[in-house]
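Asks: With the sequence up front, the predicted model follows.
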Amino acid sequence: MQPTLSTDHPQTVRIHAHAIADATRGILSPGGLLLRIESGSVRILASGRPDALTAPGLPRADRRLDLSDRLVLPALVNAHTHLDLTHIGPLPHEPSEGFVKWVDHIRASRRDTPEGIAESVRLGVDLSLAGGSAVVGDIAGAPGGRLTDTPARVLAQSPLCGVSYLEFFGIGRTAALAADRLAAYARDELPRLQSVLTGSGVRVGLQPHAPNTVDLTIYRWAAAIAEKHGLPLSTHLAETPEERQFISAGTGPQRAMLERFGIWDESILDHLGQGRHPVEHLAGLLERHKVLCAHVNDAPDRAIEILAATGTPVVYCPRASAYFGASDHFGPHRYRDMLAAGVLVCLGTDSIVNLDTPDRISPLDEIRLLHRRDGTDLRTLLAMATINGAKALGLDVGRFELSEGGIAGLLAVRADGPDAWKSAMDADSGPEWVILSRERF
């Protein structure tokens, strides 16, 4: 990944593009930007029509960059991904075989040494940059049930910013052990990790895996630890029909999997099997704590009401949802209904395992899917891929707008037709970096 513009030396650059677009102002064609690059940071001095960039009071450009066949966008935010699975690559999947069989394959393929995990995450960083992301919400998986902060340490050494959520499991016979491991990590390891991450643009968070693998008491325990140490929280929620059956009735393939692993304990039914939907199951937690919830493919009206009332942000992963055949069980994803209800919805890719672009991990391809399939409008799509994700991850949304001030970076997408947006959406090529800020934020 080699951006067109370097941040190695101070310069003022004027860009003329076929169009510029962001979530706040929509699209402007033709469009232009006046940039000031200094000490690794990138600031927009002016944006608008190309002729506005030479207005009195603006500095003279040292360089002019012609992008007349490109649509220029802010850098993207991938709010939910699994970079430690990148080494596996895209895998075919038959949704009718169910989710548990797929989980077994991932468990068998996951790397469990620090060296192997680091190598996979570094590959994921490269593919994320190839996909135009400057920020990720990455799930640091738990091989063998162990918390691992190797992904966070790798991210801290990369050009990416964001949050590394330490994933864990804890239900039935493993619940007490999970609580002990969390407490020990927070006491012994977390201070060292936070010291390493200082100034890197990467924060650490906690990720109780999902309601079907983490007991409600452990969710509460994790939330208390997160609150004490100022850590963000994330979880998978309402992703599969197996999850709904398990939470509602305490039966099905998820229970069979726990029994097969020797984890099942009748105490699990203290909180499950009471007819509740997964979102209702976590409603009390969501009322007290901000939890970034991934997927929410299963979203009846009551679930959306709870998400809206609790201010719970959602990460929708369109290609992952299609990969697992979620719409066959739940109907079309209700992201637009969520947005209309006031839910903050952002975009994620999930892992490369469920993607159809082996050369990149990119929210741009999620945007394209929603544009082609649903006809979703430009501003909504760009908001989900930039400012909504930034807000959900606790970042400055201004860095993902084409307005005056510091930015995370700029992308160029081939757009050689008269309608720049349609041309960019109809294309299959990846984005190109115009510039990526080295400033940590």
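Replies: Received it, and whenever you're ready, just let me know what you need.
Asks: use CA for all of it now, contacts and neighbours both
Replies: Will do.
Asks: Quick check: which ranges of the protein have low pLDDT?
Replies: Along the chain, segments meeting pLDDT under 70 span 1.
Asks: Residue nearest the middle of it, spatially speaking?
Replies: residue 79 (1.5 Å; C-alpha atoms, centre = their mean).
Asks: residue at max distance from the center of this protein?
Replies: Residue of the chain lying farthest from the centroid, by C-alpha atoms, centre = their mean: residue 56 (41.0 Å).
Asks: how much space is there between that one and residue 42?
Replies: 22 Å (C-alpha to C-alpha, to the nearest Å).
Asks: check contacts around the nearest residue to residue 333 once chain neighbours are set aside.
Replies: Spatial nearest neighbour of residue 333, chain neighbours left out: residue 297 (5.7 Å); criterion: C-alpha to C-alpha, 6 or more residues apart in numbering. Neighbouring residues of residue 297 by C-alpha atoms under 8 Å, 6 or more residues apart in numbering: 238-240, 316, 321, 326-327, 330, 333-334.
Asks: Need the buried ones from those residues selected in PyMOL.
Replies: Restricted to buried positions by 16 or more other C-alpha atoms under 10 Å, the PyMOL selection for those reads:
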select buried, resi 238+239+240+316+321+326+330+333+334
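Asks: Return the subset of the contacts of residue 297 lying in helices.
Replies: Among these, the members falling in helices (DSSP state H) are 321, 326-327, 330.
Asks: Name the surrounding residues that touch stretch 396-407.
Replies: Counting by C-alpha under 8 Å, 6+ apart, 21-24, 41-47, 73-76, 386-388, 390-391, 408-409, 437, 441 sit against stretch 396-407.
Asks: What helix or strand is residue 242 located in?
Replies: Per DSSP states H and E, residue 242 falls inside helix 241-249.
Asks: hmm, which of the contacts of stretch 396-407 are the buried ones?
Replies: 21-24, 41-47, 73-76, 386-388, 390-391, 408-409, 437.
Asks: In helices, which of those appear?
Replies: Those of those lying in helices (DSSP H): 387-388, 390-391.
Asks: Which of these sits closest to residue 432?
Replies: residue 387 (19.7 Å; C-alpha to C-alpha).
Asks: Does the closest one touch residue 22 like I think?
Replies: No. Look at residue 387 against residue 22 with C-alpha atoms under 8 Å: they stay out of range, at 9.2 Å.
Asks: Now do the phi/psi pair for residue 292.
Replies: phi -80, psi 120 (degrees, to the nearest 10).
Asks: which residues does it contact?
Replies: 233-235, 312-315, 392.
Asks: Now with 10 Å, please.
Replies: 79-80, 137, 207, 232-237, 286, 311-315, 344-346, 392-393 (C-alpha atoms under 10 Å, 6 or more residues apart in numbering).
Asks: okay, the ones in helices among the buried ones among the contacts of stretch 396-407 in CSV with distance to residue 34 next?
Replies: Formatted as CSV, those follow (distance: C-alpha to C-alpha, whole Å):
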residue, distance to residue 34
387, 21
388, 25
390, 23
391, 26
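Asks: got the buried residues for the lengthiest helix in the chain?
Replies: Secondary structure of the chain per DSSP H: the longest helix is helix 114-130. The neighbour-count check on helix 114-130 (16+ other C-alpha under 10 Å) flags 117-130 as buried.
Asks: and the next element down the chain from it?
Replies: Immediately after helix 114-130, counting by DSSP H and E, sits strand 133-140.
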